[in-house]
Structures are given as C-alpha cells and as structure tokens.
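Asker: Compute the structure for the input listed below.
(2 chains)
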Number of protein chains: 2
Amino acid sequence: MQNRICSLFNIDYPIISGGMVWCSGWRLASTVSNAGGLGLIGAGSMHPETLHEHIVKCKKATNKPFGVNIPLLYPEIEKVIPIILEEKVPIVFTSAGNPKTWTPLLQAHGIKVAHVVSSSKFARKCEEAGVDAIVAEGFEAGGHNGREETTTLCLLPAVRQATSLPLIAAGGIGTGAAMAAVMALGAEGVQIGTRFALTEESSAHPNFKNLCLNLNEGDTQLVLKKLAPTRLAKSNFLNKIRSAEDAGASADQLKEILGKGRAKKGIFEGDLQEGEMEIGQIAALFHESQSATEIIQEIITDYRNTVITLKQDLF
Amino acid sequence: MQNRICSLFNIDYPIISGGMVWCSGWRLASTVSNAGGLGLIGAGSMHPETLHEHIVKCKKATNKPFGVNIPLLYPEIEKVIPIILEEKVPIVFTSAGNPKTWTPLLQAHGIKVAHVVSSSKFARKCEEAGVDAIVAEGFEAGGHNGREETTTLCLLPAVRQATSLPLIAAGGIGTGAAMAAVMALGAEGVQIGTRFALTEESSAHPNFKNLCLNLNEGDTQLVLKKLAPTRLAKSNFLNKIRSAEDAGASADQLKEILGKGRAKKGIFEGDLQEGEMEIGQIAALFHESQSATEIIQEIITDYRNTVITLKQDLF
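Answerer: This next block holds a predicted model:
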C-alpha cells in the first residue's frame, strides 16, 4: 500500500495505534510498528522518566518507525520535549493544545508532527502551524472528545474540504471495512484506539479489558461536557456522573466528583467501582482479546476485500 | 446499479429521500422517484386528508415507485392505513413504534415495508416482524433520534451482524463519498434526509432552509434526551432548551417548554424565534439550495468516482 501517510511515516500500512493513557506503552507501540503500522506511546499517563524508559524499550523492540503522543496541556511537557529530541523519536502526535507552540522545534529536529482535531476550524489552525498531518477524531471516540459532537462521518468531509494536508481518521474505526469507509471520505490513514486498547499487548488492567470486551451498543456515553467531554464505559462511576449531570450539577460540582487519578484507577488498576473507564463506542463490536499483530493483518485483508466488493457491485 | 434495495423497490439507484415532517410532500417525493431514487412522503406532519391529497398528486407526478413514511405512534394511524391500502401505495417506511403491529396487513396487500431503527436490538425485532428492509439511522441524523447515541459508523456494522435483511443507512449521509462509506460498512442503500430537506422541492419554509444552509460544524445539537432525543439547529428555542437542561430540568419541565406545534412553527412557518429546527449534523457541509434531481445525479457520479479511486489506491 502506498499513499501520503505511508510515505510520511515510512510505514507499510496507514494504520496507527492511538497513544492512549494507561494502554499504549512500548509493548503495544513496538508490536504495531513491527506489524507494519505505526505504534504510538501515550505520554499522557507517564511521568517523564517513565516515558524515557518506554522510548528506550520501544527502540530495542523494533527497528521500524514509532511515535509518541503528547497532550500539549500535559503539565511536565517542558521535561518531555528534551527526552523526545535526545532519543530521536521520529514521529510525534500532539493533541489538546495549540500546535503552534512546539511544532517548529520538533520539525527543526527532523521529527514529523501530526495533530489531533475535532473540527475543521482547528484543522485550519494546524495547517497554519505547519504540521505534517492531521488526525480528525469524531464523537464516537473514547476518552477526551470535542465539544461540538461531530461524528467521524460528518467530520471527515469537512476537514478534507478545509485542508489539503495528509489526513488520518479516528473515532469509531476498528475494522478494515471501517477503514475503507473513512478512506472513501478522504482519509489517507486510520488511528485506532479502542480495538488496540483491548489487545494482549495493551498495558490496561484485565478488569478494564474484560469490561470493555463485554459492552453492548449504548454502553458508552459522552459525559462531563461542562468540564472536558469524555466518553466512558458504563460503570458505577459513570452512573454517579450521570445522576449529577441529570440534576444540573455545575462544572465545580463535577470537578469535585471527578477528583484526581480516576483514569489510572479504572484503566490501569482495574477498579470497576471508582475508576473512569475511557473507551470508544466501537468497543461494542469486539468481544475477544487479540494480539495487535493479528488485528493489523485482519484489517488489511478486510480492507482489500471490502474495496474489491464495492467495485464489483458498481458495474 | 443492481442490488437488493434496487430490486426490492424496483428503482434505478438505492437512494431514498427521508419522509421528513414539513419537508417531504408530493413534490419532493415525486422528483426523487422520477430521478431514479425512491421518494417518500412524510405522513408524520399530515392529517389523513392532507396525506391523501399528497398521495394522489404524487401518483400524477410520477409513474415510478414512491413510498410513505409513517411514524407508528402517529395518533391518526387507524385512518392513515386504509388510505395507503386504497391508493395502492407500493412502499411504506415505518418508524417510532412496533413493526409487528402493521407489517403483516401492509404486506398482505403487496406493500413492501421498511422499518427505521437506531440499534441492532431493534433490528432483530424487525427481522422477527418480517419487514422487507431495515433503515439503520445514527446519532448524526436530524430530528428524532435513538437513545443510545450510536453513530452511523458504529451502528451499521452492528446491525449488519445482527440481521441479513436488506440494509439502508441513514444519518450523516449527503454525498456519493458518504454513500460509498456506508456501502463499505454493509449498507445496500442510503436514506438521505437533511440534504433533501433543503432542496427547492422541499416544502420547508425559506427561513428554515436559509438557516440550515448557513450552519457550521457544531451548530446542531441533540437535546430533549429526557423526553425524546431530538437533533435541532441552533436557534433561540434551542438555547432555551439547553439552558433548562443545563440547570437540570425534569421531563415535565421540558414538556412544558416544548409545548405543541414547535416543528411546524420552525420548519413550515419559518419562525426562527419560537420554532424547532430539526436538521442533521451533515447540514454544515451544504451551503446552496439545489434541485433534488441534480443532487441524485451528483451523488451517483461522486459515488462511482469514489469507489474507482479507492480501487486504484489499493494496488
């Protein structure tokens, strides 16, 4: 397969594993990269020294390109950037913040930069900031999410119209058929979070994986809209948030209920009572834990078959 | 083009115009049918005698198959069904209710029946009820909407797994590229609401069309979740509902704010202050009023080009 995303990152398949908090360590990232995709380490849940360790281990585990995802509002970002540069990480995905701040420095060191957006307005800002690629992520995605609630199906054509940059689709994608769907809408690659979060190589707790592999449609919900919209799987904690929101809880009241460290508690420690379980809508489609390698092979085969079938139906 | 939806309804292209309240009269329905798609008359906003008149006019305006959309919770349904039978309407789309109630009677009169669902659970119930086809409609759709907030991208593969019936996708579809996207996910046809609601042939008020042709991303929102989830365009009335919901308004309080006849006021009378403006997220992509004929031709060309491009990129 050859397109702008493959060339930009020097990878075989335009399939990227999202840099998910408490899931995306060196093991998942290197497995995805070794399978021909692009694996991302999720810096959002790591102290700088932990991230450093994961980068070193990832480099030992693969000779293929890999990347790091950094939420730009991350409090220790000033310590993280020098590690990225020193370790010569070839690719950085940024999110949640202004892409103008760090993109020039990273690019000056030969790093390719992609930025995650949830609207075409932010996509235009990415183009001004000079990023190398854009990830457009829709409402169905797990975890932190855009305020406008635009779904992947509606977001992609809008972003495709707004910018000519290489475009990666995210949110609601877990199969080759979905990859074909978003490619039809103008994407040139996919970032997959949910399905990779539930693989054997994900560092999430088995309780979290089991919960998410047993979800049905409607079992995730976008909540905390008065703070930062976040998609969570059904749980005791989600119920608590929903009740408070239904009763009109203010941002301050929600902040108090949320407290600190809920995502770690849920995803990494597997606390099904008090933890925050961040996962995407598409989880409802998957019910068995697989290896990331197997998933990538499955997606490629499924993608090819889907496109060939579409073509056959045409004439 | 040949597939199960084309054969079932005896149409050239598997493109259906939704039966939208206050938009889908005989003019829009007959134009879509004459252009090779399937036009639906929306009974939801018509008294039985008005519906009768629209059916008679539609039959005069086209020799091609057309249909009527009936929300099954419609209060005058007992008067509507005999009109459908007497006028030998060939196709009925039902929604918002139990498909078991009327499907057998309609089919006994040779009528093809499709039912609209927002989850695979309801898709399975449709299969039990013996309907001829299923419409799976996602969160991005305008107007009344499912409680589970499943987007079209996540809903289609789930419904496709749940049933082998002919499957029509709805919600977020307005272009041939989006048609290719949902066909990749297993749909065999598309139901398009929003884009047809804003055509020259739609009976909506010019104020409504102008408002909707000038929306940006994020300018529609799903509200009234404590009553019946409904997607509305930004307006004075939407603001009023949002404020009440943010403050924790109960279902009864929302019912009081909603009152009666808001959709007619907004869509048909063009009251931008007090009216309810039902429209889908994809409206943000379209900024000029076109004829329904032109749209169908555009979609077909765009669909073919999209599929051919996908195929070329593959090898």
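
Asker: The nearest residue to A:Leu72 once chain neighbours are set aside and chain B, how far apart?
Answerer: Here the nearest residue to A:Leu72 in space, its sequence neighbours aside, is A:Gly97; by C-beta to C-beta, 6 or more residues apart in numbering or on different chains that works out to 2.4 Å. In this view, the C-beta of every residue, glycine as well, is placed from N, C-alpha and C. Separation of A:Gly97 from chain B (C-beta to the nearest C-beta, to the nearest Å): 19 Å.

Asker: neighbours of A:Lys79, just the number please.
Answerer: By the criterion of other C-beta atoms under 10 Å in any protein chain shown, A:Lys79 has 14 neighbours.

Asker: Just the pLDDT at it, thanks.
Answerer: We have a pLDDT of 97 for A:Lys79.

Asker: distance between the helix or strand it falls within and the chain's centre?
Answerer: Using DSSP states H and E, the secondary-structure element containing A:Lys79 is helix A:77-86. Using C-alpha atoms, centre = their mean, to the nearest Å, we find the averaged C-alpha position of helix A:77-86 to lie 21 Å away from the chain's own average C-alpha position.

Asker: which of the residues in that helix are buried?
Answerer: Counting neighbours by 16 or more other C-beta atoms under 10 Å in any protein chain shown, one finds that the buried residues in helix A:77-86 are A:Ile77, A:Val80, A:Ile81, A:Ile83, A:Ile84, A:Leu85.

Asker: right, and the helix or strand after it?
Answerer: strand A:91-95.

Asker: Tell me where the stretch 101-250 of chain A has strands.
Answerer: If you assign secondary structure with DSSP state E, counting those that start in this stretch, the strands in the stretch 101-250 of chain A sit at A:112-117, A:133-137, A:143-144, A:167-170, A:189-192, A:220-223, A:230-233.

Asker: wait, what's in contact with A:Ile16?
Answerer: A:Ile16 makes contact with A:Val32, A:Gly37, A:Leu38, A:Gly39, A:Leu40, A:Gly67, A:Phe93, A:Ile168, A:Gly189, A:Val190, A:Gln191, A:Ile192 under the criterion C-beta atoms under 8 Å, 6 or more residues apart in numbering or on different chains.

Asker: what helix or strand is the fifth one on?
Answerer: Just to be clear, that refers to A:Leu40. Per DSSP H and E: A:Leu40 is located in strand A:38-42.

Asker: Could you please name the strands that strand pairs with and the direction of each pair?
Answerer: Here strand A:38-42 is paired, per DSSP bridges, with strand A:15-17 (parallel), strand A:66-71 (parallel).

Asker: Find the nearest non-adjacent residue to the residue of the stretch 1-150 of chain A found nearest chain B, please.
Answerer: When distances are taken as C-beta to the nearest C-beta, the stretch 1-150 of chain A approaches chain B most closely through A:Glu148, which lies 3.0 Å from it. On the basis of C-beta to C-beta, 6+ apart, the spatially nearest residue to A:Glu148 that is not a chain neighbour turns out to be B:Gly218, at 3.0 Å.

Asker: what do you get for A:Ile111?
Answerer: The spatial neighbour of A:Ile111 that comes closest, neighbours along the chain excluded (C-beta to C-beta, 6+ apart), is A:Val92 at 5.4 Å.

Asker: Wait, that neighbour touches A:Ile81, no?
Answerer: No: contact status for A:Val92 versus A:Ile81: not in contact, 9.0 Å apart, counting by C-beta atoms under 8 Å.

Asker: tell me, what's touching those two both at once?
Answerer: What both A:Val92 and A:Ile81 touch, as defined by C-beta under 8 Å, 6+ apart, is the set A:Leu106.

Asker: one step back: how many neighbouring residues does the residue of the stretch 1-150 of chain A closest to chain B have?
Answerer: The burial count assigned to A:Glu148 is 21, neighbours taken as other C-beta under 10 Å.

Asker: next one: A:Ser250
Answerer: Using other C-beta under 10 Å, the number of residues around A:Ser250 comes to 13.

Asker: Now for the closest residue to it other than its chain neighbours: which residues touch it?
Answerer: Closest residue to A:Ser250 in three dimensions, ignoring its sequence neighbours and counting by C-beta to C-beta, 6+ apart: A:Lys226, at 6.9 Å. Contact criterion C-beta under 8 Å, 6+ apart gives A:Glu245, A:Ala249, A:Ser250, A:Ala251, A:Leu254, B:Asp246 as the residues in contact with A:Lys226.

Asker: Just put the strands of the stretch 101-250 of chain A in CSV and tack on distance to B:Cys154, mean pLDDT and mean neighbour count.
Answerer: Supplementary listing: these in CSV, determined by distance: least, C-beta to C-beta, whole Å; pLDDT from 0 to 100; neighbours: other C-beta atoms under 10 Å in any protein chain shown:
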stretch, distance to B:Cys154, mean pLDDT, mean neighbour count
strand A:112-117, 19, 98, 25
strand A:133-137, 14, 98, 28
strand A:143-144, 16, 96, 22
strand A:167-170, 13, 98, 28
strand A:189-192, 13, 98, 28
strand A:220-223, 9, 98, 22
strand A:230-233, 11, 98, 24
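
Asker: Just send those back as TSV, with distance to chain B too.
Answerer: As requested, these are arranged in TSV below (distance: least, C-beta to the nearest C-beta, whole Å):
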stretch	distance to chain B
strand A:112-117	11
strand A:133-137	11
strand A:143-144	16
strand A:167-170	9
strand A:189-192	12
strand A:220-223	7
strand A:230-233	10
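
Asker: For B:Val116, find the nearest of those strands.
Answerer: Closest approach to B:Val116 among the strands of the stretch 101-250 of chain A is made by strand A:220-223 (22.4 Å; C-beta to C-beta).

Asker: Partner strands of that closest one and their direction?
Answerer: Using DSSP bridges, strand A:220-223 pairs in its sheet with strand A:230-233 (antiparallel).

Asker: Now the residue in chain A positioned nearest to chain B. Nearest residue, chain neighbours left out?
Answerer: Residue of chain A nearest chain B, by C-beta to the nearest C-beta: A:Gly248 (2.3 Å). Across the structure, with C-beta to C-beta, 6+ apart as the measure, the residue nearest A:Gly248 apart from its sequence neighbours is B:Gly248 (2.3 Å).

Asker: Now do the contacts for that neighbour.
Answerer: By C-beta under 8 Å, 6+ apart, the contact list for B:Gly248 reads A:Asp246, A:Ala247, A:Gly248, A:Ala249.

Asker: which residues does A:Leu40 form a beta bridge with?
Answerer: With DSSP bridges as the criterion, A:Leu40 is bridged to A:Gly67.

Asker: surely it meets A:Ile70?
Answerer: No: the pair A:Leu40 and A:Ile70 fails to qualify as a contact (C-beta under 8 Å) at a distance of 9.8 Å.

Asker: Look up how far A:Ala136 lies from A:Gly97.
Answerer: 17 Å (C-beta to C-beta, to the nearest Å).

Asker: One more: A:Lys240?
Answerer: For A:Lys240, the distance to A:Ala136 equals 32 Å [C-beta to C-beta].

Asker: Pull the contacting residues for A:Glu200.
Answerer: Under the criterion of C-beta under 8 Å, 6+ apart, the contact partners of A:Glu200 comprise A:Ser289, A:Gln290, A:Ser291, A:Ala292.

Asker: domain ranges for chain A?
Answerer: Here the domain assignment for chain A is A:4-203+A:285-314, A:215-283, based on automatic domain parsing.

Asker: Please identify the most buried of those domains.
Answerer: Most buried of these by mean neighbour count (mean count of other C-beta atoms under 10 Å in any protein chain shown) is domain A:4-203+A:285-314; its value is a mean of 22.
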